[in-house]
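**Q** Just the structure for this:
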Amino acid sequence: MTVKVVPKSAVHEWVYALHRQGGSMPKATLLGGDRWSCVRECVVAEEDGQILGIATIAPKGEEQSGEPTMVALYVQYEYRGRGIGYQLFEAAVDHMIAKGLVPVRVDVLNSKVFRMIERLPEEKRNQLCIVDSSMDGGLDAIMEA
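**A** This next block holds a predicted model:
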């Protein structure tokens, strides 16, 4: 598996194919509408030419807020539980820090992201602005679909 940063245009068709599959609240929430329109770069995990997961980066934030934001972290259902999400998360944080896009805003919708944040070295955690929108885990079941 490889993890790399690509322009949004490189994954545009993949994201739209996910939407055409339908039926998933996370896909619609994380990779649609305003949350997709503000994205400029993506970190992707690929294996044999197939995208397994994605982290999206909005250098100017959502709705041009000026807060560099990791907008979405999504791993296809059949590839979850393999550490791909954490690899995407850390690679996106590293990329944003390297580009001076700090603090990195992370809107947490799934409580599992808190465990990813805890795993990061302290110097990286200190570069994050964490916004807890997880409703104390209340969105976990919805965001796991």
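**Q** so where do the strands sit in the chain?
**A** Counting by DSSP state E, the chain has strands at residues 2-7, 41-47, 50-58, 69-75, 104-108, 128-132.
**Q** ok, now which residue in this structure is the farthest from the centroid?
**A** residue 48 (21.2 Å; Cα atoms, centre = their mean).
**Q** beta partners for residue 7?
**A** residue 41 (DSSP bridges).
**Q** if I look at it, how far off is residue 76?
**A** 21 Å (Cβ to Cβ, to the nearest Å). All C-beta spots, glycine's among them, are computed from the backbone N, C-alpha and C.
**Q** Run through the helices of this structure in chain order.
**A** Assigned by DSSP state H, the helices in the chain fall at 12-21, 25-30, 33-37, 84-98, 112-119, 122-125, 140-143.
**Q** Okay, and the beta partners of the residue nearest in space to the middle of the chain?
**A** Closest to where the C-alpha atoms of the chain average out (Cα atoms, centre = their mean) is residue 73, at 2.3 Å. Listed by DSSP bridges, the beta-bridge partners for residue 73 are residue 55.
**Q** Tell me which of the helices of the chain sits nearest to residue 57.
**A** helix 84-98 (6.0 Å; Cβ to Cβ).
**Q** before we move on, back to that, just put the strands of the chain in a markdown table and tack on mean pLDDT and distance to residue 93.
**A** Shown next, in a markdown table, are the strands of the chain (pLDDT from 0 to 100; distance: least, Cβ to Cβ, whole Å):
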| stretch | mean pLDDT | distance to residue 93 |
| --- | --- | --- |
| strand 2-7 | 97 | 12 |
| strand 41-47 | 97 | 9 |
| strand 50-58 | 94 | 9 |
| strand 69-75 | 91 | 7 |
| strand 104-108 | 90 | 6 |
| strand 128-132 | 88 | 7 |
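**Q** Cool, thanks, talk later.
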